[in-house]
Every structure is written in C-alpha cells, then in structure tokens.
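> model the structure of this input:
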Amino acid sequence: MRFSVYQISRKGGREKNEDRMGYCYTRESGLFALADGMGGHPEGEVASQLALQTLAAAFQREAKPSLKNPIRFLQEAILAGHHQLLRYATERALVDTPRTTVVACVLQGKSAYWAHCGDSRLYLVRKGQLQARTRDHSYIELQESLAHVVPIDARFNRSVLFTCLGSPGKPVVDTVGPVPLLPGDRLIVCSDGLWSSVSDEVIVGMLTDRPLQDAVPDLVEEALRNGGPHSDNVTLLGVEWEAVEDADSTVGISTRTLGEDVFASTIQASISDSGAADLDEAEIERSIREINEAIRRSSRKPGN
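Residues are numbered from 1 along each chain as shown. Predicted structure coming up:
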C-alpha cells in the first residue's frame, strides 16, 4: 500500500481549537479521521479527542494487519466513541455531554470505505472531477435533499445538526464502500470551517491543479481569508492513493516493508486526568510539523 498524506489545522478566530485529526496504518490498511467538537456544549476539544482515540484504539486492535469488515468496523468504532462520551459525562456528573462530529475513512485492498456523523465531510476527487462527498447531517441539507419530494417552508441555520456523537439519542452513522480507487485519486476529510468558507468547485480545483502538500495548506489559508477575523477552526487532512512516483514528493508513505504487527499512528494516545486536552494550540502546531517531518524522512528511505 502506498499513499501520500498531508494535514493541517488552524484555530482561526476562535478562542481555542476544538478540531482533531489523525491517521493510523498497518501494512495493509489505513485509517484517516477527523472530529470537530461542537460549540454550545462543554469540552468540545475533549469530545473530538476521545472520538479519535476510540477509533485509533479499535483500529490497532482489529487491523491485523487488515480489517475483516471495514464498514462494520467504522460503524462499531464510531458508536464506541459515542458511548465513551456518555461515560465521560456520567463519571464527571456533567449536566451536558461533550459532543462532536466525526468523519473516518479506511483505505484497504485498493478500495475506500468511509463513515460520518454530523457535518464534517469527506471528498473524493478523481482527474478533476468530484466523485463523491458525504452529505451533512444537518436540517438544511436534509431540506435540500427532500425539497423535490416534500416542500419544506422552514429555513434552517446550516450549523444545526440532527445527530452527533454525545447526543442523548443513538447517532446516525452513514457509511459508503467499498469504492474502488485509481492511482492519483485524492480524498480529504475536513471540518465545516473549510467547506463553509470554500466552495466545492474551489476545493476540487485546488486538489486537481496543485501537489497535495501545496493544495492542503492553500485550501486552509483560503478558508481563513474568506472567514475573516471570526473564522471557525479550519482542519483538513488530505490523502493521495498510490501517488505516481515523484522525486520531489515529500509526503509519501509506503507500507510494503512493514511487519504484520507494526502499527503507526499520529493520534494522541490519551488526555489528561483533568479532562482538558494535553495539547495546547502551539503544541498542536508543533506536533503537526513533527509528523510531517517524520513523513518526509520516511519518504527518503530506500524502497519507499
């Protein structure tokens, strides 16, 4: 398995960054995920971190070195994250439960599988065309989808969701896959801080015209400019499947030489006992830089 990956997160105009992202991989499978802690509820950064930790722990446990059933894995791991949030709130006697959206993608056996809950999105771009994207679990997207079937007069705020992790009811988790991949296909997972400020057309255009390591930060900067001083957190993780060998590429990973028991992850292992996320904004940025530098070093090794 060979892929290129690049990720970046910015706080924007918010007091803190409640987005989290990361990826894990074995010799035969990769998991790429993003969560966006929800404002209006306590400890959004803890909610997003717990969701990703739960996904990563499940992946480490079950990818030996591949997942038996990627769709079932995604469904069960996301619901496990939901239950972790309920448990977290109960143990601390919180009046309200921390909540988060989540989107996760598994690459395995030349196919992609993905799942999401909320309005964090996945895009699949192939040769300049948008092949697929997730549909937000928001009332406004539901309204647009059903408008030709049932007229709905009410107007909804785009940020109002009808499901998420940590909500009182069982979350809605939509899944897709397997979707066959072709060399050069690009997938991104992103928070609403990106897609709410940058159109699908611009997202597809940048992913088509620029190297991945340029397209990802350029998209994030575009979202921050468009969002202005009150911009939301903007987070984006981009992957290129079986990227054509390029001597200038600095973000490539090959898993072909990994042993069956090797598990690699960029997702932080734990949160502090106090419940606050261990990483502050500066440490998040430093961690991302260190991850990308490790990827660059890996890409220069013979056989990668």
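
> apart from its chain neighbours, what residue comes closest to Lys110?
Leu181 (5.7 Å; C-beta to C-beta, 6 or more residues apart in numbering). To be clear about C-beta, it is placed using only N, CA and C from the backbone, and glycine gets the same treatment.

> can you check the pLDDT for that neighbour?
For Leu181, the pLDDT comes out at 97.

> and for Ser274?
So Ser274 comes in at 37 (pLDDT).

> other SSEs contacting the helix or strand containing Asp214?
According to DSSP states H and E, Asp214 maps onto helix 212-227. Contacts defined by 3 or more C-beta pairs under 8 Å, 6 or more residues apart in numbering; DSSP states H and E place helix 212-227 against strand 2-10, helix 192-195, helix 200-209, strand 234-241.

> chain center to it, what's the gap?
16 Å (C-alpha atoms, centre = their mean, to the nearest Å).

> what's the angle between that helix and strand 234-241?
Taking axes from the mean of the first three to the mean of the last three C-alpha atoms, to 10 degrees, one finds helix 212-227 and strand 234-241 inclined to each other by 150 degrees.

> and helix 212-227, what's buried?
Leu212, Gln213, Ala215, Val216, Pro217, Asp218, Leu219, Val220, Glu222, Ala223, Leu224, Gly227 (16 or more other C-beta atoms under 10 Å).

> the stretch 1-150 of the chain: helices as residue ranges?
44-62, 70-91, 139-146 (DSSP state H, counting those that start in this stretch).

> avg pLDDT for the shortest one?
On average, the pLDDT along helix 139-146 is 61.

> for the remainder of this discussion, apply numbering that starts at 692.
Renumbered: residue one is now 692, and that last one reads helix 830-837.

> just the pLDDT at Gly731, thanks.
Residue-level pLDDT assigned to Gly731 equals 83.

> that one: neighbour count?
8 (other C-beta atoms under 10 Å).

> can you tell me how far it sits from Leu770?
Computed as C-beta to C-beta, to the nearest Å, the Gly731 to Leu770 distance reads 23 Å.

> Asp923 now?
26 Å.

> comparing those two, which residue is more hemmed in?
More crowded of Asp923 and Leu770, by other C-beta under 10 Å: Asp923, with 25 against 16.

> spatially nearest residue to the more buried one (excluding sequence neighbours)?
In space, Asp923 is closest to Gly884, 3.6 Å off (C-beta to C-beta, 6+ apart).

> verify the contact between the one you found and Asn917 for me.
No: Gly884 is beyond contact range of Asn917, at 10.3 Å (criterion: C-beta atoms under 8 Å).

> which one, of the helices and strands packed on helix 903-918, ends up nearest to Leu777?
helix 883-886 (23.5 Å; C-beta to C-beta).

> what's the closest one in contact with?
703, 710, 727, 792, 810-812, 827, 850, 894, 910-911, 914, 918, 922-927 (C-beta atoms under 8 Å, 6 or more residues apart in numbering).

> can you select the buried ones from the residues you listed in PyMOL?
In PyMOL, a selection of the buried entries from these looks like this (16+ other C-beta under 10 Å):
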select buried, resi 703+710+727+792+810+811+812+827+850+894+910+911+914+918+922+923+924+925+926+927
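
> tell me which residue is most central in the protein.
Leu725 (2.4 Å; C-alpha atoms, centre = their mean).

> show me the contacts for that one.
By C-beta under 8 Å, 6+ apart, the contact set of Leu725 is 710-712, 743, 793-795, 811, 880-882, 926, 928.

> could you check how far it is from Gly819?
24 Å.

> now do Ala754
The gap separating Ala754 from Gly819 is 32 Å, by C-beta to C-beta.

> the two: who's more crowded?
Ala754 (23 against 10).

> I'd assumed Ser720 was in contact with the more buried one.
Yes: if you go by C-beta under 8 Å, Ala754 and Ser720 touch, sitting 4.7 Å apart.
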